[in-house]
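S.K.: Dropping a prediction and its sequence here:
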Amino acid sequence: MFKDSTGLTATLELAEDEGSRYIFSSDQVFYVWNTASEQGWKIVGETSRDSLYDFVKTGRGLRLEELPDYQNDLEG
């Protein structure tokens, strides 16, 4: 779904247990994807996987930038 909506080829980094949120990386940029809402956000300012894991582990907020919805452009 992430690729279908964004056109990005990405690697899964983290998945929420029994949830709908996932963190992907593509070209050293991290993204959050919510499968329930089919919305995504670019994680701003985090370039290190370890630093990102620390943010998630401690529950500190991440700076996010909403991704445009490309799904209609990518269909057909």
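M.R.: It's in.
S.K.: What is the burial count for the nearest residue to E65 once chain neighbours are set aside?
M.R.: Nearest non-adjacent residue to E65, counting by Cβ to Cβ, 6 or more residues apart in numbering: K42, 4.5 Å away. The C-beta positions use only the backbone N, C-alpha and C, and glycine is treated the same way. Using other Cβ atoms under 10 Å, K42 has 16 neighbouring residues.
S.K.: Confirm K42 sits in a strand?
M.R.: Yes - judged by DSSP: H, G, I helix; E, B strand; the rest coil, K42 forms part of a strand.
S.K.: check contacts around it.
M.R.: Residues in contact with K42 (Cβ atoms under 8 Å, 6 or more residues apart in numbering) are 29-31, 64-67.
S.K.: For Y31, see how far away it is.
M.R.: 6 Å (Cβ to Cβ, to the nearest Å).
S.K.: for T9, helix, strand, or coil?
M.R.: Under three-state DSSP, T9 comes out as coil.
S.K.: List the residues that contact it.
M.R.: 3, 26.
S.K.: Would you mind listing where this protein has pLDDT under the threshold?
M.R.: 1, 70-76 (pLDDT under 70).
S.K.: longest helix anywhere in it?
M.R.: helix 49-58 (DSSP state H).
S.K.: Could you export the next helix-or-strand element following that one as CSV, CA atoms only?
M.R.: Next helix or strand after helix 49-58 toward the C-terminus (DSSP states H and E): strand 63-66. Extracted as CSV, the C-alpha positions of strand 63-66 are listed here (Å, rounded to 0.1, in the frame of the first residue of the first chain):
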residue,chain,number,x,y,z
ARG,A,63,8.3,15.8,13.7
LEU,A,64,6.2,14.8,10.7
GLU,A,65,5.4,16.2,7.3
GLU,A,66,2.2,14.9,5.7
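S.K.: Just give me how far strand 63-66 sits from the chain centre.
M.R.: Distance, stretch centre to chain centre, for strand 63-66: 10 Å (Cα atoms, centre = their mean, to the nearest Å).
S.K.: Cheers, nothing more for now.
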